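*Asks:* Sharing a model prediction with you, sequence too.
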Amino acid sequence: MILTIDIGGTNIKYGLCDELGNIQQKGEYPTLDTADKIVQSICDLPFEYTGIAISMPGIVNEDHSSAFITGKLAFLSNYPLKKQLEEIKGCKVTIENDGRCATWAELGFGNLINSKNALVVVLGTYIGMGIVIDHKVYEGSHLLAGEYSDAHMDTEKTFKNTMAAYFGKDGLERATGLTGKELFDHLDDEKVYEGLNQYCQNLAWMLSNIQLLLDVDTILIGGGISAQPRLIECIKESMKGLTQWFPTLEEPVIKACKFNNDANLLGALCYYKNNTENH
């Protein structure tokens, strides 16, 4: 059994998985405020396992032993998480970027099994991305591929103009006035409905720009909010409405990730299975 961990800006999720991707037990708890507390919380999980597979935000370093992180989890930046856990638990530990973990899950046994080129967009506390080229997860020359949260909407260099601020948890709440869990129960409110449409139109504009660059056949939307069919339909409608501005745009298939909230757990497992011999 492998213990899978998804460290997010709001919560830490965990799952005890077999090698086929079956999650035997899972749960979550609030993300703690120091690196040492997070390590201790993982070590305190009462399971027996032979390895630990971690999904976390940030730019993973070359040997996948730590990550450079900004924002709420900056205290974890460059922290030797892999080394600490391996020394304490005496088992193999792997770390992979969260955006790529969702991609690993879908490519391994999800909605990208038959896809050649694809983009996975994870809407959570921030925004994560994973890129598939020729049916392989693309990391980039410096393991930066998909780190789109820090990209800016314009030349004003402030956090409020980053992709994270526009399309993460705070951006959705700012657009609709409600959390992702609340807003789909209030779409009869005209202001909420208009806010969701504006959010999806902005997201579609950003995805269209990326589509012109990568020309993928599939775009998957992940994160807890992706379980809402109305969100996926709204993004599709918004993408179609942009063809007048992007006459050469080839519309990709747009759908939700298969695994939703479990994507990063299963992706961490896939990465672990594919890389334990190399890391």
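*Replies:* Looks like it arrived, so ask away.

*Asks:* all strands of the stretch 101-250 of the chain, in order?
*Replies:* For the stretch 101-250 of the chain, applying DSSP state E, counting those that start in this stretch gives strands covering 118-123, 127-133, 136-138, 218-222.

*Asks:* Report the mean per-residue pLDDT for the third one.
*Replies:* For strand 136-138, mean pLDDT is 91.

*Asks:* Show me what it is packed against.
*Replies:* Secondary-structure packing of strand 136-138 (3 or more Cβ pairs under 8 Å, 6 or more residues apart in numbering; DSSP states H and E): helix 98-109, strand 127-133. For the C-beta atoms, the positions are set from N, CA and C on the backbone; glycine is no exception.

*Asks:* Please convert the ones you listed to a markdown table, extending it with distance to Phe259 and mean neighbour count.
*Replies:* Listed next are these as a markdown table, based on distance: least, Cβ to Cβ, whole Å; neighbours: other Cβ atoms under 10 Å:
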| stretch | distance to Phe259 | mean neighbour count |
| --- | --- | --- |
| helix 98-109 | 5 | 28 |
| strand 127-133 | 13 | 24 |
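
*Asks:* could these be laid out in JSON lines, adding mean pLDDT and distance to Gly58?
*Replies:* Shown next, in JSON lines, are the helices and strands packed on strand 136-138 (pLDDT from 0 to 100; distance: least, Cβ to Cβ, whole Å):
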{"stretch": "helix 98-109", "mean pLDDT": "86", "distance to Gly58": "8"}
{"stretch": "strand 127-133", "mean pLDDT": "90", "distance to Gly58": "10"}
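
*Asks:* just so I know, which of the ones you listed lies nearest Ser77?
*Replies:* helix 98-109 (14.6 Å; Cβ to Cβ).

*Asks:* how far off strand 118-123 does that closest one point, in degrees?
*Replies:* Between helix 98-109 and strand 118-123, the angle comes out at 130 degrees (axes from the mean of the first three to the mean of the last three Cα atoms, to 10 degrees).

*Asks:* Tell me how far helix 98-109 lies from the chain's centre.
*Replies:* A distance of 9 Å separates the centroid of the chain from that of helix 98-109, by Cα atoms, centre = their mean, to the nearest Å.

*Asks:* pull the CA atoms of that helix into CSV?
*Replies:* Extracted in CSV, the C-alpha atoms of helix 98-109 (Å, rounded to 0.1, in the frame of the first residue of the first chain):
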residue,chain,number,x,y,z
ASP,A,98,0.1,19.3,-8.1
GLY,A,99,-0.9,20.4,-11.6
ARG,A,100,1.1,17.6,-13.1
CYS,A,101,-0.3,15.1,-10.6
ALA,A,102,-3.8,15.7,-11.9
THR,A,103,-2.4,15.1,-15.4
TRP,A,104,-0.6,11.9,-14.3
ALA,A,105,-3.9,10.5,-13.0
GLU,A,106,-5.9,11.3,-16.1
LEU,A,107,-3.2,10.0,-18.4
GLY,A,108,-2.7,6.8,-16.4
PHE,A,109,-6.3,5.7,-16.0
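
*Asks:* Who are the packing partners of that helix?
*Replies:* By 3+ Cβ pairs under 8 Å, 6+ apart, helix 98-109 packs against strand 2-7, strand 51-56, strand 118-123, strand 127-133, strand 136-138, strand 218-222, helix 263-275.
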